[in-house]
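Participant: Turn this into a model:
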Amino acid sequence: MSMIPKHIQNHLDKLGFKELRPSQEKSIKAGLFKGKNLLVCTPTASGKTLVGELGLINRVLGEEGKRTGAMGVYVVPLRALASEKYKEFSKKHPKLKIALTSGDMDSDDRYLAAYDIIITTSEKFDSLIRHHTPWLEKVEVVVIDEIHLLNDLSRGPTLEILITILRDQNPKLQLIGLSATIGNAKELAAWLDAKLVEDTWRPVKLRKGIYFDGSIHFPNENAK
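Facilitator: Prediction:
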């Protein structure tokens, strides 16, 4: 696609990507590389993580493929998921300085200023903001995975406050929300002032059936 910056295309080539999935193409057209806020609502395994990943890389690396001094944050709901994403990103981007922080809530983690991408949980990121972590002013893009948890009774309030504070402190910050299940996507996109990216493509066809007496019956398929 002509809308992909050269350094991003080189990055995709190194990772072995020969073509993009529908949600990824739609995200690029919606302004992924132009700093637009995005809310990506597509099925599981449809390529949402790469959208967030490319948004981070676009800000962290300049046109020459060198660090710009900007930072990016990838927010997940669980510490186990944070650890998984940290391993995944570290393996894919050995030249970038990637850090994982999800523990001590009484620390401002100033040492993270030396890193490019921070993987963390919403609770930890909220704590960092409340501790006035100095490197936050360098953060230019935040990816929020499983953003539908705004509706969760335990994690929702923290996530909502986190997003509100981020937008208030830095109106130019790029926010990228990712989710496979949002019932009020248009309303959430409006609240985030984000472009809504929706698509139904999935790598494996979804089949709905009824399990009974040791076998699965697929009514719609059998009716054909």
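
Participant: right, and residue 109 touches residue 127 too?
Facilitator: No: applying CB atoms under 8 Å as the test, residue 109 and residue 127 come out as separate, 9.1 Å apart. Where C-beta positions appear, they are placed from N, C-alpha and C, glycine not excepted.

Participant: Settle it for me: which of the two has more neighbours?
Facilitator: residue 127 (22 against 19; other CB atoms under 10 Å).

Participant: ok so that one is a strand residue?
Facilitator: No: Residue 127 is assigned helix when assessed by DSSP: H, G, I helix; E, B strand; the rest coil, not a strand.

Participant: For it, report the pLDDT, please.
Facilitator: At residue 127, the model reports a pLDDT of 92.

Participant: and residue 182, what element?
Facilitator: Under the criterion DSSP states H and E, no helix or strand holds residue 182.

Participant: Strands of the protein, start to end?
Facilitator: With strands called from DSSP state E, the chain shows them at 38-41, 71-76, 98-101, 117-121, 139-145, 174-179, 195-198, 210-212, 215-217.

Participant: With mean neighbour count and distance to residue 88 as extra columns, can I get the ones you listed in a markdown table?
Facilitator: A markdown table is the format used below for those (neighbours: other CB atoms under 10 Å; distance: least, CB to CB, whole Å):
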| stretch | mean neighbour count | distance to residue 88 |
| --- | --- | --- |
| strand 38-41 | 27 | 18 |
| strand 71-76 | 26 | 10 |
| strand 98-101 | 21 | 10 |
| strand 117-121 | 25 | 9 |
| strand 139-145 | 24 | 12 |
| strand 174-179 | 24 | 14 |
| strand 195-198 | 20 | 22 |
| strand 210-212 | 8 | 33 |
| strand 215-217 | 10 | 33 |
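
Participant: got TSV for the ones you listed, with mean pLDDT and distance to residue 9 too?
Facilitator: Shown next, in TSV, are the strands of the chain (pLDDT from 0 to 100; distance: least, CB to CB, whole Å):
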stretch	mean pLDDT	distance to residue 9
strand 38-41	97	19
strand 71-76	96	19
strand 98-101	95	21
strand 117-121	96	20
strand 139-145	96	19
strand 174-179	97	19
strand 195-198	96	20
strand 210-212	88	46
strand 215-217	87	43
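
Participant: and stretch 195-210, C-alpha only, in PDB?
Facilitator: Provided in PDB are the C-alpha atoms of stretch 195-210 (Å, rounded to 0.1, in the frame of the first residue of the first chain):
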ATOM      1  CA  LYS A 195     -12.000   6.400  13.900                       C
ATOM      2  CA  LEU A 196     -13.900   3.100  14.200                       C
ATOM      3  CA  VAL A 197     -12.400   0.200  12.300                       C
ATOM      4  CA  GLU A 198     -14.700  -2.800  11.900                       C
ATOM      5  CA  ASP A 199     -14.400  -6.000   9.900                       C
ATOM      6  CA  THR A 200     -15.700  -9.600  10.100                       C
ATOM      7  CA  TRP A 201     -12.800 -11.400   8.500                       C
ATOM      8  CA  ARG A 202     -11.300 -14.200  10.500                       C
ATOM      9  CA  PRO A 203      -8.500 -16.700   9.600                       C
ATOM     10  CA  VAL A 204     -10.700 -19.700  10.400                       C
ATOM     11  CA  LYS A 205     -14.400 -20.000   9.600                       C
ATOM     12  CA  LEU A 206     -16.700 -19.700  12.600                       C
ATOM     13  CA  ARG A 207     -19.100 -22.700  12.800                       C
ATOM     14  CA  LYS A 208     -22.000 -22.800  15.200                       C
ATOM     15  CA  GLY A 209     -23.300 -26.200  16.300                       C
ATOM     16  CA  ILE A 210     -25.100 -28.000  19.000                       C
END
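
Participant: Before I go, just wanted to say thanks for your time.
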